[in-house]
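1. give me the fold of what follows.
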Amino acid sequence: MFTSVLMIEKPLSSVDTEFVSTLHGDEGVSFVVLMQPRGDQADVLLRAIDDVALGRVDEAVREPDKPRGEEAPLAQRGLEVTLEALRARGHEVVGQVVAEHPLDLLKSVVAETGADEVIVLTAPHYVEEFFHRDWASRARHKVGVPVLKLFSHNE
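-> Below you'll find the model as predicted:
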């Protein structure tokens, strides 16, 4: 069985669930999902620049909706939705919310599970990508397996 570590920052849409489920054709795939929500850890300025680059000026100047500290329960619920969606497609799947040091955890999960690949599925983050500070760019130098970067879809 093929093992993929899937790094996400929000629950998978149905389109994303189908896409990652069919990447390897009929081969059986198990997933280890690491949910790293973008919250306080993300630089507010970088998010604002990304919003402007994507034409979402209103979002760039808007205050965050949720009070600080609410990311963890929302992330746990989003993770559960993602795990259920992947299980419904017939995959073996486990996962966890990442509180700190996502790339260190990623490296250890890849080593412990003998993962064959890492899939980083996020929204575009242009400033981070330009400077190669995004998860996928940084993971390529750390994990020792192929890293596939995909952009998430909205429903």
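
2. in this protein, which spans are helices?
-> For the chain, applying DSSP state H gives helices covering 14-22, 44-53, 57-60, 71-88, 102-113, 126-130, 135-140.

3. out of those helices, which gets the lowest mean score?
-> Ranked by mean pLDDT, the helices of the chain end with helix 126-130 at the bottom, a mean of 55.

4. I'd say His24 and Phe2 touch.
-> Yes - taking contacts as C-beta atoms under 8 Å, His24 lies within contact range of Phe2: 5.5 Å. The way it works is simple: take the backbone N, C-alpha and C, and place the C-beta from them, glycine included.

5. who touches stretch 146-155?
-> 8-10, 12-16, 19-20, 23, 116-124, 134, 136, 139-140 (C-beta atoms under 8 Å, 6 or more residues apart in numbering).

6. if we use 6 Å, what do you get?
-> By C-beta atoms under 6 Å, 6 or more residues apart in numbering, the residues outside stretch 146-155 that reach it are 13, 15-16, 117-121, 123-124, 136, 139-140.

7. repeat that for stretch 106-115.
-> By C-beta under 6 Å, 6+ apart, stretch 106-115 touches Thr3, Val5, Val32, Ala139, Lys142, Val143, Val145.

8. can you tell me which of the residues you listed is nearest Val94?
-> Val32 (5.7 Å; C-beta to C-beta).

9. touching, the closest one and Val5? I think so.
-> Yes - at 4.8 Å, Val32 and Val5 qualify as touching, with contact defined as C-beta atoms under 6 Å.

10. so for those two, which sits in the more crowded spot?
-> Val5 (25 against 21; other C-beta atoms under 10 Å).

11. isn't that one up against Phe31?
-> No - applying C-beta under 6 Å as the test, Val5 and Phe31 come out as separate, 7.6 Å apart.
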